[in-house]
Structure formats: structure tokens, C-alpha cells
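Engineer: I'd like to go over a predicted model; first the sequence, then the structure.
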Amino acid sequence: MQPVDLRSRVVGAVMSDVREFDGRLVVWVDVDAGSRVGALTSDSSGKIENASQMARAKGFPLVVIMRSSGADIVEGFAALHGWGLAARALTDCSGVVPIIMVVDGPAVSGPALLLGMADFVVMTTDSYAFVTGPTMVAEFTGVTIDNEELGGAATHARYTGAASLVAPDLDSAVDMVGQLLAYLPQHNDEEPRLWPTDDPSDRQTPEAGTLLPQTSTGSYDVRDVIRAICDDGEMLELRGRWAPNVVTAFAAMGGLPIGIVANQPLALAGTLDIPASQKAARFVTFCDAFNIPILTLVDTPGFYPGKDLEWRGMIRHGAQLVFAYGRATVPRICVILRKSYGGAYIVMDSKTMGNDLCLAWPWAELAVMGAGQAAAILQRRATPEARAAFEVDYADRLLNPYIAAERGYIDGVIEPAETRQVIAEALVTLLDKREALVSRPHDNTPL
């Protein structure tokens, strides 16, 4: 179909339309930096507001190509007012339709804040985004910094997590938007579309288990496990460079799109810190909003210790992940690959948090802490021989999944080769899962 322009006669940097994109209808907004560096007048912001309202009303995903220097200084306060209306309209879209923004130039001040409201942000390598620019930074702090270092794509991919994906150019960024949308429904009243695949759901995956090292402290790349069990070995990782100790990705299992949260032993031994908790919580919340089942792969010794983390709010931010899982009503499957200790056992979608199926591999360790940690506390005055004997006994009695299965904390112990088949069968069984939601205007998520 030909694109249907929205408010086509309104003059300004913003153009918007309803178009067919990768076989689905979307509302497309393009902010043109060639028009006064994309300065947003009240009329221009009004077009963003109108496009957002159209997306919400019709149930179409909203895609925004952002190139803007901010509110129009010449117009003054009216431009700020228009930006506020656009921000409110985007807020109304949140959790109703997917919001994807592509930054292909500057995104300064107000437009930068709009990025934080999007579900996913794709930045091109030459783009940049910040609330206050290098001039203001130098004036207030005396630090000289350029656009790229302050808010370039690499900065947001590595340090802030604002960039979900980074593309070399606009064409590649638009391709990434298509890849994202392929896993998503049109709106929150739909389920994701099935993926075509010839990969049998009952395919055995013995290689998944061989990826883990013999020692419980050895590292491995959990993404290899994900590829081993998912359709055609394909996954789309999001925010891969930010908080790398947890992996968030879309994949498909038996043709069904799923969201995956996994501890990454290659980074910080898979422990949870503030960025990892925020990253996983945001992803779980998105999947829950758009009816995407969640698979959690667990291998973590716990929360990363440190005075700095505690002072920065580990309690509040760790609670974000607990809260996200606790309120999620989509099908949830948890597989404990190796270690699941302490508070992180609860946080990573344990049976206590209400998952639908909790599984473990035969060598999984579920406990308050590892044998060495327990010995350091309970046997701190013992001889080395006595401490070693304690560790062996502790591991034999407590560090195995069969004790947890006996008490109902996990639903079953499976071989790695069975993992794909069991998950795929469970997803089919859970297709019609529905939960009655608590009647309340909204919850009060920890921030």
C-alpha cells in the first residue's frame, strides 16, 4: 500500500505517515535534521503527538527516526509546550504498542529524553544523544568533552544502556527495526506471529551440556547455550555491551517468539549488579506487556558484593528485577544450568516468584551459598582438613537439584539433551495461560 500521510500540510521538521513495513502496518515518524537541524516547533511536536495518538488508537507499532537539536529556541515557550504534549502522547502508547526509535544524527535535550521512553533504541555510529551538551558541561564542570564521548552511540551502548542496538548507517538501522518487529505483536492485545522454521521442536541438544566446563567456577558463553536450544541457532541480543553479566535476547522456540534472560558467566562470573538488574527488569516488563513468553537461564553465584553498589542503591535496583518477575503473567519457564545461590536464586524467576515451570540440569547447585562460602563462615576456626571435609559433605547433602525437587522447589531434573524438547512442549501447553489481574490503577514499581 502507499503511505498515508498524517498532517501533510503542517510545515516543520517532522513528517509522519502510516505505511506497510515488512508486511505489517506501522506509524512512521521522520524528523529531518536538514530543516534547521531538526528543531522542534510546537507544530512539529504536534505531529509527533498526532502520530503517537494514531498508533495507539489503531494498534500500530510506532517507529520514529530522530534527528533533532531540541525545542525551537526561536519559537520559545510554545515549542516546550508542544514537546510536553508529544511526551505525554508517547507515554500513553507505552505498553500498548511497541515504540522503536532510530537515532541518525543529533538527539539533544527534550528529544534525548524521548529516547528513554522508547522500548528500543537503534543508534547509527555517527549519531549522538544527550540532555545537556558539551558547552554546558564545560561551563558548569570545567570538563572539555566532545559530542561522541559525551553521548555517542558507543557511549550509550557501553555505559548507559540507552542504545539497544548500534548500526553502521540508517539502512542497517531500519533493517534492525524490521528484525525487532518480527518478534513482536502489533499491540498488547495480540500475540506475536509464528516464525517459519524447519527446526524440529523435539530436536535433541546434547551439545548444550558439553558447553559447560567441568569445574563449577569455569566460565563459558551462555549465548552458545541459547543458540543450541533455539530455532535454527538464531537469537537477537539487545543491549549486548551494557551490563554484559546478563544476556537479554529474542529468539524462537518451535516457531514461537520468546524473550530470554540469562546470566553470563563470562562477565563478573554471572553475578547480578545494578545495571544487570535494571537491564533484565526492563526486558521482562516489556515481554510481559506484549505477551511474549519468558525463558530464564540461571547460572549465578549471587549478587556482586561491594560498598559502592550498596551505596548506589542495590536494594532498590535489585528489587526492580524481583518486581518485574513477580507481576509478569506471561508463560514463564526457568532452567537452572549450573549455580543458583542466595538472593539471586529468588530474583532469577524461581518457583517462589510464580514461574510456570522450573527445571534444572543434573549438576545444578541450589543453595543459600556455595560450599566454599559456607565453610568460610561456619568452619572459620576449623583445620584445613576439617573444612575440606565439611565442603564435601555440604555439597553432597545440599548442592544438588534432587533435594530441591523433593521439596517442590523445582518441577523436574532434565538432561541437557532434552532441554529444547521440554521447553517447546511447555510453551505449547502454556499458550492459553491467563491470569486474573489485581484490580488497581497501577502498581508502584521500584525505580
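Structural biologist: Great, that's in hand.
Engineer: Just grab the bridge partners of the closest residue in space to Gly412 that isn't next to it in sequence for me.
Structural biologist: If the residues on either side of it in the chain are set aside, Gly412 comes closest to Leu359, at 5.4 Å by CB to CB, 6 or more residues apart in numbering. All C-beta spots, glycine's among them, are computed from the backbone N, C-alpha and C. On the basis of DSSP bridges, Leu359 is bridged to Val335, Gly412.
Engineer: Which pLDDT value goes with Arg407?
Structural biologist: Predicted confidence (pLDDT) for Arg407: 82.
Engineer: likewise Ala374?
Structural biologist: Ala374 is assigned a pLDDT of 63 by the prediction.
Engineer: gap between stretch 185-202 and the chain center?
Structural biologist: Distance of stretch 185-202 from the chain centroid (CA atoms, centre = their mean, to the nearest Å) equals 19 Å.
Engineer: what's the answer for stretch 331-349, then?
Structural biologist: Distance, centroid of stretch 331-349 to centroid of chain: 17 Å (CA atoms, centre = their mean).
Engineer: Could you pull out the buried residues of that stretch?
Structural biologist: Residues of stretch 331-349 classed as buried: 331-342, 344-349 (neighbour count, 16 or more other CB atoms under 10 Å).
Engineer: is it fair to say Glu425 lies in a strand?
Structural biologist: No - under the criterion used here (DSSP: H, G, I helix; E, B strand; the rest coil), Glu425 is helix, not part of a strand.
Engineer: Would you mind measuring from it to Gly326?
Structural biologist: 26 Å (CB to CB, to the nearest Å).
Engineer: go on, Arg332?
Structural biologist: 11 Å.
Engineer: Can you tell me which helix or strand of this protein has the lowest average pLDDT?
Structural biologist: Ranked by mean pLDDT, DSSP states H and E, the weakest helix or strand in the chain is helix 371-378, scoring a mean of 63.
Engineer: Flag the shaky bits of the stretch 201-350 of the chain, pLDDT-wise.
Structural biologist: Regions of the stretch 201-350 of the chain meeting the criterion pLDDT under 70 are absent.
Engineer: Run through the helices of it in chain order.
Structural biologist: Along the stretch 201-350 of the chain, the segments classed as helices by DSSP state H, counting those that start in this stretch run 206-210, 222-229, 274-289, 307-311, 314-327, 342-347.
Engineer: swap in the stretch 51-200 of the chain?
Structural biologist: Using DSSP H, counting those that start in this stretch, helices in the stretch 51-200 of the chain cover 77-93, 110-117, 134-141, 147-151, 153-155, 170-181.
Engineer: average pLDDT across the shortest one?
Structural biologist: This predicted structure assigns helix 153-155 an average pLDDT of 97.
Engineer: which strands and helices sit next to it?
Structural biologist: On a contact count with 3 or more CB pairs under 8 Å, 6 or more residues apart in numbering; DSSP states H and E, helix 153-155 meets helix 147-151.
Engineer: tell me which residues in the helix it packs on are buried?
Structural biologist: Here helix 147-151 shows 147, 150-151 as buried, counting by 16+ other CB under 10 Å.
Engineer: could those go into CSV alongside distance to Gly23?
Structural biologist: Formatted as CSV, the buried residues of helix 147-151 follow (distance: CB to CB, whole Å):
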residue, distance to Gly23
Asn147, 37
Leu150, 39
Gly151, 34
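Engineer: just those residues now: which is nearest Asp432?
Structural biologist: Nearest to Asp432 among the buried residues of helix 147-151, counting by CB to CB, is Gly151 at 45.0 Å.
Engineer: residue contacts, the closest one?
Structural biologist: 112, 128-130 (CB atoms under 8 Å, 6 or more residues apart in numbering).
Engineer: of the residues you listed, closest to Arg24?
Structural biologist: Nearest to Arg24 among the contacts of Gly151, with distances taken as CB to CB, is Ala129, at 27.1 Å.
Engineer: circling back: which of the helices of the stretch 51-200 of the chain sits closest to His442?
Structural biologist: Closest of these to His442 is helix 77-93, at 12.1 Å (criterion: CB to CB).
Engineer: to the chain's geometric centre, what's the distance from that closest one?
Structural biologist: For helix 77-93, the distance to the chain centre is 26 Å (CA atoms, centre = their mean).
Engineer: tell me what it is packed against?
Structural biologist: Going by 3+ CB pairs under 8 Å, 6+ apart, helix 77-93 lies up against helix 42-58, helix 110-117.
Engineer: switch the cut-off to 6 Å
Structural biologist: helix 42-58 (3 or more CB pairs under 6 Å, 6 or more residues apart in numbering; DSSP states H and E).
Engineer: elements contacting the helix it packs on?
Structural biologist: Helices and strands in packing contact with helix 42-58 are listed as strand 14-21, strand 24-31, helix 77-93; criterion 3+ CB pairs under 6 Å, 6+ apart.
Engineer: Next, count neighbours for Met136.
Structural biologist: 12 (other CB atoms under 10 Å).
Engineer: Endpoint to endpoint, stretch 338-356 covers what distance?
Structural biologist: 20 Å (CA to CA, to the nearest Å).
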